[in-house]
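Novice: With the sequence up front, the predicted model follows.
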Amino acid sequence: MGIAENIMKLCKELPPGVKVVAVSKMRAPEEVMQLYSAGHKIMGENKVQELVEKKEALPDDIEWHMVGHLQTNKVKYIAPFVSLIHSVDSARLIKTINKEANKNERIIDCLLQVHIAKEESKYGFSEEEIISLLNSLSSENLTGLSIRGLMGMATFTGNDDLIRSEFRGLARLFHQVKESFFSKSGEFTELSMGMSGDYRIAVEEGSTIVRIGSRIFGERPV
C-alpha cells in the first residue's frame, strides 16, 4: 500500500480522539506531500534542522510537532511556528522555551517527557523529578508556555507485557499529575505514547497522541 492508503487505514483503526503525528524523519518533501494530499496535516520531526527545512518547503497549514530531543540553543529556530514540543526534559529547557515564545509573542504547547524505558539512552524526567519540577514551577511566571500533558517512549523490546506496564505507569502518572497540579485547568489533556511498533498497546493504555513513522511511510531509508 502507498502512503495515502496507510494513513487512512491507520486513522480508521484508532479510536476517536487519538491524534496521529506522522513522523517524517529522513523523508523527502514529496513523500510528505502525498500525506498532505490525503488530508493529513499533523507532522513530526526529530531534528530541528530538518523541521525548519520542511517547514519552509511545505504548505503553511501543516501542524509541526517536535518529537525528538531538543537542545536549548536550538529552540529559537522553531519557536516562531512549532505547534507542540513533545520532548521537554529539563527545567532549563522550559525556561528557554518560555523566553523564546515571549520573543515571538506566542504561547507554545509542550509535553513533559518522562523516562519510562529500561534503556539508559532515553531522555526524560523520573516520576520524582516531574513532581519536584511542577512544585517549583508553580511560582514561575511562564507566560509563553503551556504544559499540555506527558510523553514517554517504551523500551525497544518484543516483550509486550513490559511495554504495557511502562505505558500503564505513565498513564497513572498522567492522572496523578493532572489531579495534583492541573485540576482547575482544561489544558492538561495529552498523553503522547506509542510508535509504529507499540501504538496499539499505547492506545489501549490511554494514549491520546501516537507518533508514527514507518507504518505510514514504509521502512526508513538507511
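Specialist: Received it, and whenever you're ready, just let me know what you need.
Novice: Check the chain and tell me which residue is nearest its centre.
Specialist: Central residue of the chain (CA atoms, centre = their mean): H86, 3.2 Å from the mean position.
Novice: Surely that residue forms part of a strand?
Specialist: Yes: assessed with DSSP: H, G, I helix; E, B strand; the rest coil, H86 lies in a strand.
Novice: quick one: secondary structure of D61?
Specialist: Assigned by three-state DSSP, the conformation of D61 is coil.
Novice: nearest residue to it other than its sequence neighbours?
Specialist: Spatial nearest neighbour of D61, chain neighbours left out: K41 (6.1 Å); criterion: CB to CB, 6 or more residues apart in numbering. Quick note: C-beta positions are derived from backbone N, CA and C, even for glycine.
Novice: A202 too?
Specialist: Leaving aside its sequence neighbours, A202 sits nearest to G194 (CB to CB, 6+ apart; 2.7 Å).
Novice: these two touch, right, the one you found and T208?
Specialist: No: under the criterion of CB atoms under 8 Å, G194 makes no contact with T208, lying 9.9 Å away.
Novice: C-terminal to the one helix or strand K9 maps to, what's the next element?
Specialist: K9 is located in helix 3-13, with elements delineated by DSSP states H and E. Downstream of helix 3-13, the first helix or strand assigned by DSSP H and E is strand 19-23.
Novice: Go through the very next helix or strand once past that following strand and flag the buried ones.
Specialist: Going down the chain from strand 19-23, the next helix or strand is helix 29-37, by DSSP H and E. Within helix 29-37, the residues that qualify as buried are E31, V32, Q34, L35, Y36, counting by 16 or more other CB atoms under 10 Å.
Novice: Give me the contact list for helix 29-37.
Specialist: With CB atoms under 8 Å, 6 or more residues apart in numbering as the test, helix 29-37 has contacts from 2-4, 7, 22, 24, 43, 54, 57-59, 62, 216-217.
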